[in-house]
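**Student:** make a model of this:
(chains A and B)
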Amino acid sequence: MSANKLKFSEKIITRGIQFSGLSSIVFVLMILYFLVAQGLPVLSEVPLRDLFSTRWYPIEGYYGILPLILGSLVVTVGASLVAVPMGVLTAIYIAEIAPGWAKEILKPLVELLAGLPSVVLGFLGILILSPFLRDTLHLPTGLTALTGALLLGMIAVPTIVSISEDALNNVPETYRTGSLALGVTRWQTIWGVTVPAARSGILTAIMLGVGRTIGETMTVMMVTGNAPVMPDSFRVLFMPIRTMTATIASEMGEVAAGSLHYSMLFFIAVVLFLFTLAVNIAASKISSRQLKRSERILS
Amino acid sequence: MKNNHRYLFLNPKITEKIGTVALTAVAFLTVAPIIAIVIYIIYLGAPAITWEFLTAMPRDGMRAGGIWPAIVGTFYLTMGTAIFSVPLGVAAAIYLSEYAKDNPLTRNIRLAIINLAGIPSVVYGLFGLGLFVVFLNFGTSILSASLTLSIMTLPVIITTTEEALRAVPQSFRVVSTSLGATKWQTIRRVILPQALPGILTGVVLGLERAAGETAPILFTGAAFFLPRLPNSPLDATMALPYHLFVISTQVPGMPIKIQYGTVLVLMMFVLIMNLIVTLIRSRARARRQW
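**Tutor:** Now for the predicted structure:
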């Protein structure tokens, strides 16, 4: 191959690589465009007051998305109550305490959990968890917010564990040895030195885990009973609810393209998109602040 | 919690012992459900697995026969996703690791990747419906579904590949360039081969996720019931995760055995991919010279 030809093909390849580098931005903008283009007409057809009302009953023209938003929040908060302590403590154990063999067992299992399709969890939720909860808690149905929350907790755990573990592993070894040299125990070092040093990473992990639960679709659709009712008290945890994601997934198949209901579902997707966008930007802000602080310490 | 010993007047050594035991318990409690799930599914699913179940068409409104079209469909979708997402994702990672300067554009690219990773799968489904199915008129098809899954898989592939590329020591690049290699030659002949195990790990993990997804293909390519194999990329297809959803919620009187058999096949898919990842990693660790 002549030198000229080589230069030419190298140029083409470089251009291709640069273009691919930009692809993520292009896709995010395209996603936003398609959601907004289909979803925004809703705002001119449904008054804002009706939009944020408490009744979702599209067949009769009630398009209040408040019960759906609250449904998502209830499940997400419930899932966090399970997943955050378990995930963070597991990460601390793996990063700071576990002997080699325990790491070799735990890490692949957590990864396996991350890869388990959400329909599989939903299926087991229908067949095992929901009858169990119905019988032990004497509920009229086992398909409740609680069932969804418990399963979503399992979905959030791998994210929380792996990112928290990275954060803990990034704490310089000198912090630990320095602390141990002062005569405190390893346990005190973990809680007094290592965990505080890794706290923004752990916070990022928690936010990304929670972000994943807000967006989870199949599991919640299968096990939360799909009733778009307005949560009124703490009892809602033991009643069927309906999340934003489940609403889109279960109603999209039945609506006519271009109808108000169709646009409404895209509008919900915009709301979901903005929710996760906020969570992700906040999480990345936290972790970049961490980077700057550690740079300051090291310089 | 860090001041436990002060409040409880416990000896710090005893606190440490109790704490360690408690943390060990929590960690194993966290993974206990996954072990239970795997054993349970294998136990109940294994009796359903017969040659006919794996290779026959569904019959009787899916209440009998096999799941062959769903297996083939998931295979096609996974391959389709790989065709689009692997070249694009690896190229994007090469850009970030080897070309990008630390400027606002690069920071925006990173922010975009984080956002892509966080977008709910059902929102990808709507986007795929809007762009590929309706706007580009690909219809409900393997093509639309694969493209949708590709974009969803992209952030996984980009981040893991970039990490693998960055792990290749800087000296490799310096030496290669000093021998007269161009930038692309260095990447092609030196960096990519060194980073290959890491890249493969990312690709397999990304595809594993794509293979198990249901929400993005709901409106872009999944068929409720299609007792034949798809003929072209423009055909809709059955897929294992969606099939599992259908037979566990939409079809009354579904024999439990077929449900557990389907779960087992889907889980084997995931288990095998996880096994591949573990193998690649341990082989790479053993052979690494730097």
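**Student:** C-alpha only now, for contacts and for neighbours.
**Tutor:** OK.
**Student:** how about residue A:280, nearest residue that isn't a chain neighbour?
**Tutor:** residue B:115 (6.3 Å; Cα to Cα, 6 or more residues apart in numbering or on different chains).
**Student:** buried residues in the strand or helix carrying the one you found, which are they?
**Tutor:** In this assignment (DSSP states H and E), residue B:115 forms part of helix B:104-118. Buried residues in helix B:104-118, counted by 16 or more other Cα atoms under 10 Å in any protein chain shown: B:106, B:109, B:110, B:111, B:112, B:113, B:114, B:115, B:116, B:117, B:118.
**Student:** any idea which helix or strand comes after that helix?
**Tutor:** helix B:121-128.
**Student:** packing partners of that next one?
**Tutor:** helix A:3-39, helix A:244-251, helix A:260-298, helix B:142-167, helix B:215-218 (3 or more Cα pairs under 8 Å, 6 or more residues apart in numbering or on different chains; DSSP states H and E).
**Student:** and the average pLDDT for the longest one is what?
**Tutor:** Taken as a whole, helix A:260-298 carries a mean pLDDT of 80.
**Student:** which helices and strands does it pack with?
**Tutor:** Using 3+ Cα pairs under 8 Å, 6+ apart: helix A:260-298 touches helix A:3-39, helix A:41-45, helix A:199-215, helix A:244-251, helix B:104-118, helix B:121-128.
**Student:** residues contacting residue B:241?
**Tutor:** A:117, A:119, A:120, B:211, B:212, B:213, B:214, B:266 (Cα atoms under 8 Å, 6 or more residues apart in numbering or on different chains).
**Student:** give me that answer again for 7 Å
**Tutor:** Shown in contact with residue B:241 (Cα atoms under 7 Å, 6 or more residues apart in numbering or on different chains): A:119, B:212, B:213, B:214.
**Student:** what's the third one sitting at in phi/psi?
**Tutor:** So that's residue B:213. Backbone torsions of residue B:213, given as degrees, to the nearest 10, read phi -80, psi 140.
**Student:** what count of nearby residues applies to it?
**Tutor:** Neighbourhood size, residue B:213 [other Cα atoms under 10 Å in any protein chain shown]: 26.
**Student:** relative to residue B:146, how far out is it?
**Tutor:** From residue B:213 across to residue B:146, the span is 11 Å (Cα to Cα, to the nearest Å).
**Student:** residue numbers of the stretch 101-250 of chain B in contact with chain A?
**Tutor:** Selection of the stretch 101-250 of chain B residues close to chain A by Cα under 7 Å from any Cα of the partner chain yields B:109, B:112-116, B:118-123, B:127, B:130, B:184, B:208-209, B:212-213, B:215, B:219, B:241, B:245, B:248.
**Student:** may I have the helix holding residue B:115 as CSV, with CA atoms only?
**Tutor:** The C-alpha coordinates for helix B:104-118 follow below in CSV (Å, rounded to 0.1, in the frame of the first residue of the first chain):
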residue,chain,number,x,y,z
PRO,B,104,-16.5,20.7,27.1
LEU,B,105,-17.4,18.5,24.1
THR,B,106,-15.9,15.4,25.7
ARG,B,107,-17.6,16.2,29.0
ASN,B,108,-20.9,16.4,27.2
ILE,B,109,-20.3,13.1,25.5
ARG,B,110,-19.7,11.5,28.9
LEU,B,111,-22.8,13.1,30.3
ALA,B,112,-24.8,11.8,27.3
ILE,B,113,-23.4,8.3,27.9
ILE,B,114,-24.4,8.4,31.5
ASN,B,115,-27.9,9.6,30.5
LEU,B,116,-28.3,6.8,27.9
ALA,B,117,-27.4,4.3,30.6
GLY,B,118,-30.1,5.7,32.8
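**Student:** what average pLDDT does it get?
**Tutor:** Averaged across helix B:104-118, pLDDT comes to 90.
**Student:** same question for stretch A:15-22.
**Tutor:** 90.
**Student:** which parts of it are buried?
**Tutor:** Residues of stretch A:15-22 classed as buried by neighbour count (16+ other Cα under 10 Å): A:17, A:18, A:19, A:20, A:21, A:22.
**Student:** pLDDT score assigned to the nearest residue to residue A:31 once chain neighbours are set aside?
**Tutor:** Among residues not flanking residue A:31 along the chain, residue B:127 sits closest, at 5.8 Å (Cα to Cα, 6+ apart). Residue B:127 is assigned 94 on the pLDDT scale.
**Student:** kindly report the same for the one 5 residues further on.
**Tutor:** Reported pLDDT at residue B:132 in the predicted model: 93.
**Student:** helix/strand/coil for it?
**Tutor:** Classification of residue B:132 by DSSP: H, G, I helix; E, B strand; the rest coil places it in helix.
**Student:** quick one, what contacts the most centrally placed residue in chain B?
**Tutor:** Centroid-nearest residue in chain B, with Cα atoms, centre = their mean: residue B:209, separated by 2.3 Å. Residue B:209 is in contact with residue A:115, counting by Cα under 7 Å, 6+ apart.
**Student:** where in chain A is pLDDT low?
**Tutor:** Applying pLDDT under 70 to chain A picks out residues A:1-3, A:289-299.
**Student:** show the contacting residues for the residue nearest the centre of it.
**Tutor:** Nearest to the geometric centre of chain A sits residue A:212, at 1.2 Å (Cα atoms, centre = their mean). By Cα under 7 Å, 6+ apart, the contact set of residue A:212 is A:156, B:118.
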